[in-house]
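Novice: Just the structure for this:
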Amino acid sequence: MLFGTADVDALAAGAPVMERLDTEPLVLPGAWVLQVTYEMPGAAREVLLPPALHPTDPPLVSWTFLRCASGPLGAFTSAQLRVECRSGLRPRGFLVASVIDSVEAARTLASRWGYASRSGEVRLARQYDAVTGTVRVDGHTILHVGLRDPDPLGPHDIQYTASMHLARTPRGVRLVQVDPTFAVERAERGRPHLVAFDAAAWGDARIVAMHPVSASIAIADVTLPRLRYLCRPDVWAFEGTERL
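Specialist: Numbering: from 1, shown residues only. You can find the predicted model right below:
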């Protein structure tokens, strides 16, 4: 069985601080969710993940955009970069970094659910034949990705994996499992397309997107959950999982 080999201390250098772990659920109504997945080189499998997580075969990287026009966090758009993995037997995504265009939303997402993010210009736009997500930081485009030629999906034909967020918690540095629920109103899939991706600007130049795998867009009520599990990042999930 393969395990991550990344240095936990290095990964935790920019981890957000969560002073409490008893957050209540929060609903983001009518959100747009764009997710695009690409295959990475085999050499990137273990080195991007902490020892608690197992790489997928083939290794995958995904970008998820979330656009909220209103709701309890106000209007914001965020973009997340995740490396797909498993925690024990369960499919998960390890959050490498995210960019968001609202300081207040960023503060809440970090303190309550461990989203590590920085400020930037994040846009998610829809045309009749395409959906495009772009991220700019300090005037530089670090991501331009999307889908083309969308086809309808049923509301139950689309699924999202839970995330593992490295954070500094009252129990120490932990992987926080965040498993939002998505009440999908409308969903489509399309051909992934990647125009620009600056991996170093996202925190790790070793992340290389090679082959398109999937792309989808959905409109959904997204519920950020009450936290249920933490995991020590230095041992595998069967030993290090902690129930809240």
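
Novice: Report the separation between Met1 and Ala15.
Specialist: Computed with Cβ to Cβ, to the nearest Å, the distance linking Met1 and Ala15 is 26 Å. In this view, the C-beta of every residue, glycine as well, is placed from N, C-alpha and C.

Novice: what about dumping the CA coordinates of stretch 4-12 to CSV?
Specialist: Provided in CSV are the C-alpha atoms of stretch 4-12 (Å, rounded to 0.1, in the frame of the first residue of the first chain):
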residue,chain,number,x,y,z
GLY,A,4,2.2,10.0,1.3
THR,A,5,5.8,11.0,1.9
ALA,A,6,5.5,14.8,2.3
ASP,A,7,7.0,16.5,5.3
VAL,A,8,4.2,17.4,7.7
ASP,A,9,6.0,20.3,9.3
ALA,A,10,6.6,21.9,5.8
LEU,A,11,2.9,21.3,4.9
ALA,A,12,1.8,22.9,8.1
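
Novice: Name the residues of it that come out as buried.
Specialist: By neighbour count with 16 or more other Cβ atoms under 10 Å, stretch 4-12 contains the buried residues Gly4, Ala6, Val8, Leu11, Ala12.

Novice: Please list all residues in contact with the second one.
Specialist: This points to Ala6. Shown in contact with Ala6 (Cβ atoms under 8 Å, 6 or more residues apart in numbering): Glu46, Val47, Leu48, Leu49, Pro50, Pro51.

Novice: now, which of those residues sits nearest Met40?
Specialist: Leu48 (8.3 Å; Cβ to Cβ).

Novice: Excluding chain neighbours, give the residue nearest to that closest one in space.
Specialist: Val83 (4.9 Å; Cβ to Cβ, 6 or more residues apart in numbering).
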